[in-house]
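>>> please work out how this folds:
(chains A, B, C and D)
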Protein chains: 4
Amino acid sequence: MIKYETKMRVEYYETDAMGIVHHSNYIRYFETARTELFRSMGYSYDEMEKSGIYMPVLSVDAEFRTPAVYDEMLSVFCWVEKLKGASIELRYEVRGTESGQLHVTGSSSHGFTTPDLKPMRLKKEAPEIYEALKSAME
Amino acid sequence: MIKYETKMRVEYYETDAMGIVHHSNYIRYFETARTELFRSMGYSYDEMEKSGIYMPVLSVDAEFRTPAVYDEMLSVFCWVEKLKGASIELRYEVRGTESGQLHVTGSSSHGFTTPDLKPMRLKKEAPEIYEALKSAME
Amino acid sequence: MIKYETKMRVEYYETDAMGIVHHSNYIRYFETARTELFRSMGYSYDEMEKSGIYMPVLSVDAEFRTPAVYDEMLSVFCWVEKLKGASIELRYEVRGTESGQLHVTGSSSHGFTTPDLKPMRLKKEAPEIYEALKSAME
Amino acid sequence: MIKYETKMRVEYYETDAMGIVHHSNYIRYFETARTELFRSMGYSYDEMEKSGIYMPVLSVDAEFRTPAVYDEMLSVFCWVEKLKGASIELRYEVRGTESGQLHVTGSSSHGFTTPDLKPMRLKKEAPEIYEALKSAME
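As a prediction, the model looks like this:
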C-alpha cells in the first residue's frame, strides 16, 4: 500500500487564538494530500474534472491528538483504504515532519460522479484510473 | 432536549469552484453553532476561556448530503448528545432555513481542560455549567 | 449618503496566534458588508449574477488601526464613494459595535461585467440599479 | 534588489463560485511570501516572535489583474521597497509560474513592535536584522 507523503508548512492564517492550527484546517490539509496522491499516480483532479469525473466528499472525520503550531513543517500521509465501483475511502495521518509526532488522523469517503453530480461507475467509465487506484492499495 | 438553532448566510468566500459551499466550512459552521448554544445558556466561550475553562476539539465528523449554495440562509441546529465528567459530545444538523432541506449532519467531541490543556473535571470545577449542560440534554 | 451597517461577530477560526482577527479576514468582512448594502437596496448579488451582472474586484486596500478580538461584535459600515458608468468604488469602516472603536478602514473598486468578465456599462444595461446606487450616494 | 520567489499551488478551498481564486486569498499569499523572504535571509518569523520582535500589518493593498485558477502553480515575488527605523514596506507580484502572466500586484506595510505591540526601533534593537533587510534592498 502506498502511503503518499505531502509536506506543507503551517501558515500564520491557519493558527487561532489558542496559538495552534485551527482544527478545521486539517480538513483542508486532507484535501491537499489526496490531490497530491492522485497527481503522483498521474491523475490530477483538475484534469479529471475537465474530463468529466468529479469526486464530491460524502463524509469526513478526524481525530485531533496533539496540536501543530505555527511554522511547523507537516507531513500529511494519504492512502486508499477502500475502493468500490463508484466510491472510494481515503485515510490520512498528519505528523510533524521532523519530530514524527502524530497530530491528527482521519478519513474521507467520496463518490465518483458526472459534473452534474450523478453517480458514475469509475470501474466502467475510467478503468485505467480504477486500476491505478486498485494497485495503489496493494 | 434543546436543539438550538443558529442562522447564518453562506458567504461568497465560502463557496468553491463547484459553485457550492466548500465542505471544510461546515466544520466552521459547527463551531459557530456550539458557541451560540453555549451563549444561549448564559456561558460564552470567551468568558469560559477567561475563567480558565477550555474545550479543545478531540474529534469531528460530518456527512454531506446535499450541497448548500451562495447566499442561502442556513439553520444550524446543535445539541448536547452526551455529557461526561470531563468531556462532551455535540451533534449538528445543517438545513436550508426556507427549504428545510437537510444539507449536512455531524458531531464533535471535546474535553474540558485548563488553559495549558490539562484535563479538568467540569462537574467538580464548574458544577453550574455542568448542570446547565445536563438540563439542556433533557 | 447611506452608510449601511452590517453586524457580525468575530469567530474563533478568524483569530490567529496573536489572539486577534487575522488581517486577511477584514477583506472578507468587506465583501459581506457590500453584499448587505446591495441587498438593502433590493439587489442581491446572487440575483444580479443570475441576471448576468458580475462585479469582480479590481482592487482593495485596508488600514489596520486597532485589533478586533474573539467574540467581539463588529459593525461594518459600507457606502458608495464613486460611481461611474462601468465601475464603482466602495468604502468601509469596521468598528466595535459596543465600544465604537475604529478597527479598520478600507476601500474596494469593482468593474461591472458580463458572466465571461467583459466590461458592461451598468448605466445602460441596468439603469434601475445604476440609479439606486446613484441615489445611495446622496 | 532581491525579488524572492515563493511557489505555491492554488488549492480547491481557495477557489470560489466564479471558478477562480477568491481575492482575499492573495492577501494570505502575500503573508506566505514575506515569511519565506525573511526565512531566506536567515530570520524566520517564528524565531523573531520568540525573540520578542513582532511585525503587525499596518496596511495592505492589492490590484487584481487576471484571475488565477484551481491547481495553477503560482510564483509570488516579494521584496523590500522601503525600510525605516521602525517600519517596513514590502511589495508583491503574483504570476503564473509557467505562463509568467501577471495576476496580482500589491504591497503591505508593517511596524516593528514588542510582543505587547509597542513600537520598536529595529535599527537599534536588532541591528543585524535591519542590516540584512537594508542589503536585500540594494
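>>> quick check: mean pLDDT of the host helix or strand of A:A132?
Taking DSSP states H and E as the criterion, A:A132 maps to helix A:127-136. Helix A:127-136 comes out with an average pLDDT of 92.
>>> does the nearest residue to A:L58 once chain neighbours are set aside have beta-bridge partners, and which?
Among residues not flanking A:L58 along the chain, A:S109 sits closest, at 4.7 Å (CB to CB, 6 or more residues apart in numbering or on different chains). C-betas here are computed from N, CA, C, even on glycine. Beta bridges link A:S109 to A:S59, A:E89, judged by DSSP bridges.
>>> any idea which element the closest residue in space to A:D46 that isn't next to it in sequence lies in?
Counting by CB to CB, 6+ apart, D:D71 is the residue found nearest to A:D46 once chain neighbours are left out, at 3.9 Å. Following DSSP H and E, there is no helix or strand that holds D:D71.
>>> contacts only, for D:D71.
A:35, A:44-46, D:9-10 (CB atoms under 8 Å, 6 or more residues apart in numbering or on different chains).
>>> and it, what are its phi and psi?
Torsion angles at D:D71 (phi, psi; degrees, to the nearest 10) stand at phi 80, psi 0.
>>> that older thread, report the contact partners of the residue nearest to A:L58.
A:S109 sits in contact with A:57-60, A:87-90, where contact means CB under 8 Å, 6+ apart.
>>> let's see it at 10 Å
A:57-61, A:81-82, A:84, A:87-90, B:63-64 (CB atoms under 10 Å, 6 or more residues apart in numbering or on different chains).
>>> confidence score at the residue nearest the centre of chain A?
Centroid-nearest residue in chain A: A:R34, 2.8 Å away (criterion: CA atoms, centre = their mean). As predicted, A:R34 sits at a pLDDT of 97.
>>> hmm, the top helix by length along chain A in reach of chain D?
For chain A, the helix that runs over the most residues, judged by DSSP state H, is helix A:24-40. Yes - on the criterion CB under 10 Å from any CB of the partner chain, helix A:24-40 is in touch with chain D at A:25, A:27-29, A:31-32, A:35-36, A:39.
>>> sorry, back to before: for the contacts of A:S109, which one is nearest chain D?
When the contacts of A:S109 are compared for distance to chain D (CB to the nearest CB), A:V57 comes out closest, at 10.3 Å.
>>> stretch A:76-90: end-to-end distance?
12 Å (CA to CA, to the nearest Å).
>>> which parts of that stretch are buried?
A:76-80, A:83, A:87-88, A:90 (16 or more other CB atoms under 10 Å in any protein chain shown).
>>> how about TSV for those, with pLDDT, secondary structure and distance to chain C added?
Putting the buried residues of stretch A:76-90 into TSV (pLDDT from 0 to 100; DSSP: H, G, I helix; E, B strand; the rest coil; distance: CB to the nearest CB, whole Å) gives the following:
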residue	pLDDT	secondary structure	distance to chain C
A:V76	98	strand	20
A:F77	98	strand	25
A:C78	98	strand	23
A:W79	97	strand	28
A:V80	97	strand	30
A:L83	95	strand	33
A:S87	95	strand	30
A:I88	97	strand	28
A:L90	98	strand	24
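>>> next to chain C, which bits of chain A? Give me the list.
A:10-25, A:69-71.
>>> just to revisit the earlier point, right, and the residue nearest to the centre of chain A touches A:L133 too?
No - if you go by CB atoms under 10 Å, A:R34 and A:L133 don't touch, sitting 11.1 Å apart.
>>> now do the shared contacts for these two.
In contact with both A:R34 and A:L133: A:80, A:88, A:90, using CB under 10 Å, 6+ apart.
>>> tell me which element the closest residue to chain B within chain A falls in.
At 3.6 Å from chain B, A:D61 is the closest residue in chain A, using CB to the nearest CB. Assigning secondary structure by DSSP H and E places A:D61 in strand A:57-64.
>>> and that strand, what other elements does it pack with?
Helices and strands touching strand A:57-64, by 3 or more CB pairs under 10 Å, 6 or more residues apart in numbering or on different chains; DSSP states H and E, are helix A:24-40, strand A:87-96, strand A:102-111, helix B:24-40, strand B:57-64, strand B:102-111.
>>> what does chain A have sitting close to chain B?
Counting by CB under 10 Å from any CB, chain A sits next to chain B at A:17-18, A:20, A:22-31, A:46, A:49, A:54, A:56-67, A:104-110, A:115, A:117.
>>> now the buried members of these.
A:17-18, A:20, A:22-31, A:46, A:49, A:54, A:57-64, A:67, A:104-110.
>>> which one is A:G96 nearest to, not counting chain neighbours?
A:E72 (5.9 Å).
>>> quick one, what contacts the one you found?
Going by CB under 10 Å, 6+ apart, the list of residues near A:E72 reads A:8-10, A:20-21, A:96-99, A:101, A:103, D:46.
>>> tell me what A:F77 is bridged to.
A:E5, A:E93.
>>> which residues does it contact?
A:2-6, A:33, A:37, A:91-95, A:105.
>>> from chain D, how far out is A:S135?
24 Å (CB to the nearest CB, to the nearest Å).
>>> quick one: the residue located most distally from the centre of chain A from B:D46, how far?
Going by CA atoms, centre = their mean, the residue of chain A most distant from its centre is A:A17, 26.5 Å out. Noted for A:A17: a distance of 10 Å to B:D46, by CB to CB, to the nearest Å.
>>> ok, now A:E11?
25 Å.
>>> which of the contacts of A:E72 lies closest to chain C?
Within the contacts of A:E72, proximity to chain C (CB to the nearest CB) peaks at A:I20, which comes in at 7.8 Å.
>>> and the closest residue to the closest one other than its chain neighbours, backbone torsions?
Sequence neighbours aside, A:P67 is the residue nearest to A:I20 in space, at 3.7 Å (criterion: CB to CB, 6+ apart). Here is the backbone geometry of A:P67 (degrees, to the nearest 10): phi -80, psi 140.
>>> do you know the pLDDT at A:P67?
96.
>>> so how far does stretch A:102-119 reach from one end to the other?
35 Å.
>>> what about that stretch, average pLDDT?
So the average pLDDT for stretch A:102-119 ends up being 95.
>>> okay, now the closest residue to A:S51 other than its chain neighbours: neighbour count?
Sequence neighbours aside, A:A126 is the residue nearest to A:S51 in space, at 7.9 Å (criterion: CB to CB, 6+ apart). A:A126 has 19 neighbouring residues, counting by other CB atoms under 10 Å in any protein chain shown.
>>> give the contact list for A:A126.
A:43, A:48, A:51-53, A:112, A:120, A:132-133.
>>> now do A:S51
A:43, A:125-126, A:129.
>>> now, among these, which is nearest to D:E138?
A:Y43 (46.4 Å; CB to CB).
>>> quick check: the residue of chain A closest to chain B touching A:S108?
Yes - under the criterion of CB under 10 Å, A:D61 makes contact with A:S108 at 7.9 Å.
>>> which residues do these two both contact?
Going by CB under 10 Å, 6+ apart, residues that sit against A:D61 and also against A:S108 are A:27, A:92, B:62.
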